[in-house]
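Peer 1: Predicted model and sequence below, questions to follow.
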Amino acid sequence: MIRVLVLLAISLLLCPQSAHASLCDWLEQRNHLFYLRGPWNWSITRQLPELYKEFNGIDFGHAHLAETLLQTNDAAAIEQARLEILAFIESKPAFPPDEALIAPTFYRLAWAPQNMFDWSHQLHRDLYDLFATDQVQDKEAAYRQILANYLAQPHAITPQGLDHAGALWSFPESRNFVRRFPKFNAQIWSYHWLQAKVAETQLGRTVAEQRTALPAVLVEYHGYLTTPPLQWQFMPMFHEIAPTFSQRFPEAANIFDNLHMLHDNIDDVLSSPDLFPTMAAKRERIYELVEIYLHRNHHAGDQRYTRYRAAAGAGHQHHR
């Protein structure tokens, strides 16, 4: 109760009808969302520990990149951050990192998108766990349960197919990250490739069969980390890398593609100090982008973001 009263007093001090009223926008309720309980929980940790460690490295990579870009756009510093991420991945981290400690500036600047990232990453983990257990026979029913729980939360990303290579990559800042830091960009896209490839590899296989199939996937992934695929023209899309998964679970495939595109959009903002020179300008732009992706903004009758939706039957630009 005392904590609540203190926060209320601070908000009243910072947010009167005065010249400082804009500071209210920076006061956000920072609730964490808890994962859905189910028999699939923590299956990857138990059954596929090497894969679990790879995903922990990916979590560090996105956070460290965002924090570094907020501090500097110096090419040498960005390359050093990329190498630090590679070293962390190679360390095979046994636990997921606390991203709030890795990227404290980004967390303070943009809590809402970070919460979107965390919640969507949880959906990733839930589905990988679901397919990493032989105990759940009706995977379709469990998927529907997991998806419904995900979409019920205010931070959920829309399962609507969006126009990634068109409308969402045609902003003034678009492509700045890939132009300025192509090697780092290719490394980020390699993370996305792994996430899609794992989803496809798990599908229809027992846990024992997954243990046999996944090492080749990880070897290919680490090949991309060693030699970043600069030839890729666009981020890996789920329908390309995981076609069977995308057909059976189109909502999840769309959510993950949208999540990855939002990562790219925000990296572009953070790589455009000429367009967004202050923290306030960066935050404002990031929050404009966030609204495009929120599930709650794509309900029937809401026409605000229809121009960002993929046309029915439209193909996507290939990453290779």
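Peer 2: That came in fine, so what should we check first?

Peer 1: distance between stretch 188-206 and the chain's centre?
Peer 2: 15 Å (C-alpha atoms, centre = their mean, to the nearest Å).

Peer 1: Likewise for stretch 167-177?
Peer 2: For stretch 167-177, the distance to the chain centre is 17 Å (C-alpha atoms, centre = their mean).

Peer 1: Outside of that stretch itself, list whatever touches it.
Peer 2: By C-beta atoms under 8 Å, 6 or more residues apart in numbering, the list of residues contacting stretch 167-177 from outside reads 162, 184-185, 234, 261, 264-265, 267-272, 275-276, 285, 292, 307-308. Bear in mind the C-beta positions are built from the backbone N, C-alpha and C, glycine included.

Peer 1: same question, stretch 40-49
Peer 2: Outside stretch 40-49, the residues touching it (C-beta under 8 Å, 6+ apart) are 35, 51-52, 55, 125-126, 128-130, 132-133, 135-136, 142, 207, 210-211, 214.

Peer 1: again with stretch 238-255
Peer 2: Counting by C-beta under 8 Å, 6+ apart, 120, 123, 127, 140, 143, 147, 150, 156-162, 193, 196-197, 199-200, 203-204, 256-257, 316, 318-319 sit against stretch 238-255.

Peer 1: what's the answer for stretch 303-316, then?
Peer 2: Contacts of stretch 303-316 (C-beta under 8 Å, 6+ apart): 160-165, 167-168, 234, 237, 239-240, 291-292, 297-298.

Peer 1: which regions of the chain lie under the pLDDT threshold?
Peer 2: 1-34, 313-320 (pLDDT under 70).

Peer 1: circling back to that earlier point, which two from the contacts of stretch 303-316 end up farthest apart in space?
Peer 2: Glu240 and Glu291 (27.5 Å; C-beta to C-beta).

Peer 1: Compare neighbour counts for these two and give me the winner.
Peer 2: Glu240 (17 against 12; other C-beta atoms under 10 Å).

Peer 1: and that one, helix, strand or coil?
Peer 2: helix (DSSP: H, G, I helix; E, B strand; the rest coil).

Peer 1: Return the distance of it relative to Ile286.
Peer 2: 28 Å (C-beta to C-beta, to the nearest Å).

Peer 1: try Ala94
Peer 2: Taking C-beta to C-beta, one finds Ala94 at 32 Å from Ile286.

Peer 1: okay, those two: which has more neighbours?
Peer 2: Between Ala94 and Ile286, counted using other C-beta under 10 Å, the more crowded position is Ile286 (21 against 10).

Peer 1: if I've got this straight, the more buried one is in a helix?
Peer 2: Yes. Assessed by three-state DSSP, Ile286 belongs to a helix.

Peer 1: can you count the residues close to the spatially closest residue to it that is not a sequence neighbour?
Peer 2: In space, and not counting its chain neighbours, Ile286 is closest to Ala110: 5.0 Å by C-beta to C-beta, 6 or more residues apart in numbering. The number of residues packed near Ala110 is 25, by other C-beta under 10 Å.

Peer 1: Was I right to think Ala110 contacts Ala280?
Peer 2: No. The pair Ala110 / Ala280 is not scored as a contact, 11.5 Å apart, by C-beta atoms under 8 Å.

Peer 1: Quick check: ChimeraX command selecting the buried ones in the contacts of stretch 40-49.
Peer 2: Those of the contacts of stretch 40-49 that count as buried under 16 or more other C-beta atoms under 10 Å are selected in ChimeraX with:
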select :35,51,52,55,125,126,128,129,130,132,133,136,142,207,210,214
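
Peer 1: quick revisit: now the buried members of the contacts of stretch 167-177.
Peer 2: Buried among those by 16+ other C-beta under 10 Å: 162, 184-185, 234, 261, 264-265, 267-272, 276, 285, 292, 308.

Peer 1: Mark which of those are part of helices, please.
Peer 2: With helices taken from DSSP state H, the overlap with the buried ones among the contacts of stretch 167-177 comprises Phe184, Asn185, Met261, Asp264, Asn265, Asp267, Asp268, Val269, Leu270, Arg285, Ile292.

Peer 1: contacting residues for the fifth one?
Peer 2: It stands for Asn265. Per C-beta under 8 Å, 6+ apart, neighbours of Asn265: Leu168, Phe171, Ser174, Leu289.
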